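# Need the 3D shape of this:
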Amino acid sequence: MNRLSDAWCWLESHALLSREPSQSDAFRRVSRDGLDLANDPQGMTRFEARERLSGPLHPALEDRVRTNFDLGDYETACFAAMKAVEVSVRDASGLDNSLIGVKLMRAASQPHQNGKVGGPLADAGAEGGEQEAASALFAGAMGAYKNPASHRTVDFDDPVEAAGIPGCGHATRMVQRDGRHATAEASQEAGVPGVRL
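Below you'll find the predicted structure:
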């Protein structure tokens, strides 16, 4: 009985069941969203993907990404998310517009090695393998999700895969954090008092 009660509460909390105004308070009916879910062969997959995006996205992603995702235009949603990351990297790194995509990611996050200064967003305090991994993360995401959609039609038909775009929000926050670190380091090197954030 507890499992049934839990399931019922879950259905109500996800607006798949709703009250029927013409009936008593205890009466419930399948909601419009519940009917849509039941009638769509991909309904559960789409539902799971929407649940992954149920919280707030990074402000740079919220409008374009969520709207396109909700419309089922996963290609545009992924492209918009990666474009926001690219813009954030360019802004935080101070690199010019001649660098784009994977090359921009590599230049911005080039690891510090053998005494050579790395990219403006590389964390000099991190271990070399961690610096390389961060660089590969950004370059790989750009190469896998933005580049293909920039050059040809890509069919992102799996909403759960496309729902991975909130990771772009995390990436955007990392860029902003690393950009603040780079600015603080540059200020300290120039003799301007600053605090490493």
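# Would you mind identifying the helix or strand in this protein with the lowest mean pLDDT?
Lowest mean confidence among the helices and strands of the chain (mean pLDDT, DSSP states H and E): helix 166-189, at a mean of 52.
# Could you list the low-pLDDT ranges of the chain?
156-157, 162, 164-197 (pLDDT under 70).
# need the strands for it, in chain order.
With strands called from DSSP state E, the chain shows them at 17-19, 28-30.
# and of these, who's closest to Leu121?
Among the strands of the chain, strand 17-19 comes nearest to Leu121, with 47.6 Å by Cβ to Cβ. In short, each C-beta sits where N, CA and C put it, glycine included.
# Out of the strands of the chain, which gets nearest to Ala92?
Nearest of the strands of the chain (Cβ to Cβ): strand 17-19, 45.2 Å.
# same for that closest one, what does it pack against?
helix 2-13, strand 28-30 (3 or more Cβ pairs under 8 Å, 6 or more residues apart in numbering; DSSP states H and E).
# buried ones in that strand?
Within strand 17-19, the residues that count as buried by 16 or more other Cβ atoms under 10 Å are Leu17.
# same question, stretch 103-110
For stretch 103-110, the neighbour count (16+ other Cβ under 10 Å) marks 104-110 as buried.
# Nearest to Ser88 among those residues?
Distances from Ser88 to the buried residues of stretch 103-110, taken as Cβ to Cβ, are shortest for Ala108 (10.0 Å).
# Now do the contacts for the closest one.
89-90, 92-93, 95, 119-122, 138 (Cβ atoms under 8 Å, 6 or more residues apart in numbering).
# Same question for Asn68.
Applying Cβ under 8 Å, 6+ apart to Asn68 gives the contacts 74, 76-77, 80.
# Which stretches in the chain count as helices?
Counting by DSSP state H, the segments of the chain that form helices are 2-13, 32-39, 43-52, 59-70, 74-93, 101-108, 128-141, 147-151, 159-162, 166-189.
# and of those, who's closest to Gln23?
Gln23 sits nearest to helix 2-13 of all the helices of the chain, at 15.0 Å, using Cβ to Cβ.
# Would you mind getting the angle between that closest one and helix 32-39?
Orientation of helix 2-13 against helix 32-39 (axes from the mean of the first three to the mean of the last three Cα atoms, to 10 degrees) gives an angle of 110 degrees.
# Return the list of helices and strands in contact with helix 2-13.
Using 3+ Cβ pairs under 8 Å, 6+ apart, helix 2-13 sits against strand 17-19.
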